[in-house]
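Asks: My questions concern the predicted model and sequence given below.
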Amino acid sequence: MQSASAEHVLICVAWPYANGPLHLGHVAGCYLPPDIHARFERARGNKVLMVSGSDEHGTPITVTAEQEGVKPQDIVDKFHKINSKALIDLGCSWEPHIDPRGVEFGGSLFNRTSDERHKEIVRTNFSKLLDAGLFERKTMKQYYEVSSDGNGRFLPDRYVEGTCPKCSSNDARGDQCDECGATYESIELINPRSKMNPDNEIEIRDTVHFFYRLDLFQEALELHAESRQKVWKSNVKAMTKQWLDMGLRPRAVTRDLSWGISLPMDDPEWDGKCVYVWFEAVQGYSTCAKIWSTEFASPAGHNMGDEAWKNWWNIAEDGTTPRHLYFLGKDNIPFHTVIWPALILGLNHAESGKNSNDKVELPNIGEMALESNVPAMEYLMLSGGQFSKSRKHAVWLPSFLERFDPDTLRYYLGINMPENHDTDFNWPDFVEKINSELIAAYGNFVHRVLTLGARLEENPQSPLTEFDDAEITSGYRSKLEELHASITESLMKHRYKEALRYVMNAAQLGNQMLQNATPWKFLSSQSEDSTGEYQTQRINSLSALSFGWRIARFIAITSQPFLPFSASRLWNSLGQDGDVSLVDWNSAIDWSEEMTWNTEKPEPLFKRLDLEEILASEQELVDDNQNNEQPGHGVKGGKKKSKGESKMTEEIEGIEFVNFDTFMKVDLRVGKILSVEDHPNADKLYVVKLDDGTDNGRTICAGLKSYYTIEEMTGKTVVFVSNLKPRPLRGVTSEGMMLAADDGEGNVKLITVDGDIQTGSQVR
Ligand SMILES: [Zn+2]
């Protein structure tokens, strides 16, 4: 690995709120993508520091604690433990804390905001910003609850309920209504009452708070946003623009609450108030890096000791900016493109001795850098409804991991990642994708290579080595080299779904290669047909099998960011030494690598999933929770699931009959492929010109690129649907569809006609 040119990459992972277990929606949106990315950057030789932790302050936690009659600290201790374990069980690389390549390469820390060191840094930053005049004092109105003994307390929005001023629902929360989705100032609420003590009197009182002068950063943030227009995804651009267009206003950094970080002021005026949770949790990205430095990097001998974090945070003397990538769900975008950057700029400003009269500048050398990209995700929906922690409509990560191989979830969420639009989780689709993609393509391919190899009579220590032939397999080599470039490019662009698709294409290519080469016919070196012909065929066939080993090694390395557990098992099955996650990314296409062999009997990588079994156990879990206070939202799946369930059962058992009239409506005809070209905007599609028996012919877009070359397709007589409604596919209108057979194991064959017949002939 070339450490000289290695980049410093800071992977910032949104801080999960510690008042409940993580669900699959969180994983797809926030926690899996950064781990995939961190693993990819490490494999490329970069120096990666990954930071996150539990967000442990704020009112949702105090509400839960009061409802359960325990201390807030008990709640956060419990969920910090559960969630950090679940993330590690999912294979997220939060351990070890120091990169196995050496501490200069970074590491990771999943910290928590109740850490005293975090609190101390936040208080110091608070004072710096205050002293630089970047806060202003304001008096605001807040609900105050008077208890029967005459004492009382200010009520945060979550502690107030009442009638919605918009829709008159009676269960509206302090500042928003779940019924109609409206948000409002809490003093607009009709008939407000205390959530915890509805009988107590409630009044409006004045309270003094500090506000961060976001308005001072408007111009600098606009400049910054402008510089990111070619980088940010469209949802990130749109939401940031919306915020900047509204004009930034000062935002409260203190509140009337005791559960939080105490203020760095002694004046009794500030008693009972704390730092607002938004202001401190977001600073966790930098406090975590500092804590990592003192706790791990310095003791491990990092050459900068306690200051190691600066490598990942500050712009270097030579102007090199560390790459900062923030991973989060779409609801969190403005926090990371507007608010957190405004705090970073403010801290830079204050540290350079400037105050509110000085112009705010974008970061200079030696100062903290702003984000390089915020590849925010859309939502993963649960059978059509939004995952929600508070509404108990969710599949929880810890219980999922008790029952399934973590890589099955990583695969499903990877191939179904909500990158550009919301996607859906449902059990039938999960089972389908694992069985027919992950197992049928990836699992079966590598298993075939290993078991066939083991049956060869040649040198049992290394049966495939002597058939390793560069010339015979050169076509496959260049295909893999192309795939490698595509996977790399997709990952660089945070297109994880596409990247994983390319990895799977390698497995499909391998299956196709074995299918064509039929190595199982040539396992024996002896044959009744003792002519040289057999030996030549044998060498050709077994060269393909031998290359299958190289494809499997390619898959192990390139699938490692996505499927670390399976990649590691595969690596071992191939007889390779060491940890696959430490192998250089480009080594996947280093054809000079020595072919090793593991003489132990190969085990299948994955276990098939049984939909019926899963649905039955899900139903049990739903039943167990029937006495839940919100029966409409049974845990794990919710009632909406039944729709997807029955649909899938029909498909799987093939009992969905169509009547004859319906079938006859489909107009199938014979056509001849005149020409095939690559689709200009879609990597997997061909644009096919078809002689359909008419003068003009027709154009069809077909996803056959992984299965046929242009030459193989051209001239074939095929069957197509002629009355399918034309539709544009990425800028090319497709007028119909060609029929092909698919065995679900990566083999796809066009339906052709037995003998000559006029184009345009009807198929019945
Ligand atoms: Zn309402």
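Replies: Okay, I see it.

Asks: my read is Q142 is in a strand, agree?
Replies: Yes - under DSSP: H, G, I helix; E, B strand; the rest coil, Q142 sits within a strand.

Asks: Hmm, it is touching D256, no?
Replies: Yes - using Cβ atoms under 8 Å, Q142 is in contact with D256, at 6.3 Å. Any C-beta I mention is one placed from the backbone N, CA and C, and that applies to glycine too.

Asks: Check the contact lists of these two and give me the overlap.
Replies: Residues within reach of Q142 and of D256 at once, by Cβ atoms under 8 Å, 6 or more residues apart in numbering, are 154, 207.

Asks: isn't there a strand covering T124?
Replies: No - assignment of T124 by three-state DSSP gives helix, placing it outside any strand.

Asks: show me what contacts it?
Replies: P264.

Asks: switch the cut-off to 10 Å
Replies: Neighbouring residues of T124 by Cβ atoms under 10 Å, 6 or more residues apart in numbering: 264, 287, 347.

Asks: any idea of the pLDDT on it?
Replies: Note for T124: predicted pLDDT of 98.

Asks: Tell me the spacing between it and the ion.
Replies: T124 is 42 Å from the ion, where distance means Cβ to the ion, to the nearest Å.

Asks: Kindly report the same for A588.
Replies: The value you get for A588 to the ion, if Cβ to the ion is used, is 55 Å.

Asks: What are the boundaries of the strands in the stretch 201-350 of the chain?
Replies: With strands called from DSSP state E, counting those that start in this stretch, the stretch 201-350 of the chain shows them at 201-212, 251-252, 254-255, 274-275, 323-327.

Asks: and V160, how many neighbours does it have?
Replies: V160 has 22 neighbours, counted by other Cβ atoms under 10 Å.

Asks: got a list of what the nearest residue to it once chain neighbours are set aside touches?
Replies: Leaving out its chain neighbours, the residue that sits closest to V160 by Cβ to Cβ, 6 or more residues apart in numbering is G174, at 3.7 Å. Shown in contact with G174 (Cβ under 10 Å, 6+ apart): 59, 143, 155-162, 184-187, 189, 192, 195.

Asks: redo that, cut-off 7 Å
Replies: 157-160, 186, 189 (Cβ atoms under 7 Å, 6 or more residues apart in numbering).

Asks: can you tell me which of those are in strands?
Replies: Residues of these located in strands (DSSP state E): V160.

Asks: What is the nearest of the contacts of G174 to the ion?
Replies: L189 (10.3 Å; Cβ to the ion).

Asks: residue contacts, that closest one?
Replies: Here L189 is in contact with 160, 162-163, 165, 172, 174 (criterion: Cβ under 7 Å, 6+ apart).

Asks: what do you get if the cut-off is 6 Å, keeping everything else the same?
Replies: G162 (Cβ atoms under 6 Å, 6 or more residues apart in numbering).

Asks: Number of residues surrounding the residue of the stretch 1-150 of the chain found nearest the ion?
Replies: Using Cβ to the ion, the closest approach of the stretch 1-150 of the chain to the ion is made by Y143 at 18.4 Å. A count of neighbours around Y143, defined by other Cβ under 10 Å, yields 25.

Asks: ok, now the one 10 residues further on?
Replies: One way to gauge burial is a neighbour count; for R153, by other Cβ under 10 Å, it gives 18.

Asks: what does E711 give?
Replies: 8.

Asks: How about the secondary structure of it?
Replies: E711, by the three-state scheme (three-state DSSP), is helix.

Asks: What distance do you get for it to L155?
Replies: Separation of E711 from L155 (Cβ to Cβ, to the nearest Å) stands at 74 Å.

Asks: same deal with N696?
Replies: Distance of N696 to L155, computed by Cβ to Cβ: 72 Å.

Asks: Next: T183.
Replies: 17 Å.

Asks: same check, this time on H23
Replies: 29 Å.

Asks: I'd assumed W591 was in contact with H484.
Replies: No - H484 lies out of contact with W591 (Cβ atoms under 6 Å); the separation is 11.7 Å.

Asks: okay, these two: which has more neighbours?
Replies: Per other Cβ under 10 Å, whichever of H484 and W591 has more neighbours is H484, with 20 against 14.

Asks: who touches the helix or strand hosting N444?
Replies: Per DSSP states H and E: N444 is located in helix 444-455. Helix 444-455 is contacted by residues 463-464, 507, 510-511, 514, 519, 523, 545, 548-549, 552, 570, 573, 602, 604 when judged by Cβ under 6 Å, 6+ apart.

Asks: Out of these, grab the one that's most surrounded.
Replies: Ranking these using other Cβ under 10 Å puts G510 first, with 29 neighbours.

Asks: Just the ones of the contacts of T124 in helices?
Replies: 287, 347 (DSSP state H).

Asks: wait, which of the contacts of T124 is closest to the ion?
Replies: T287 (38.1 Å).
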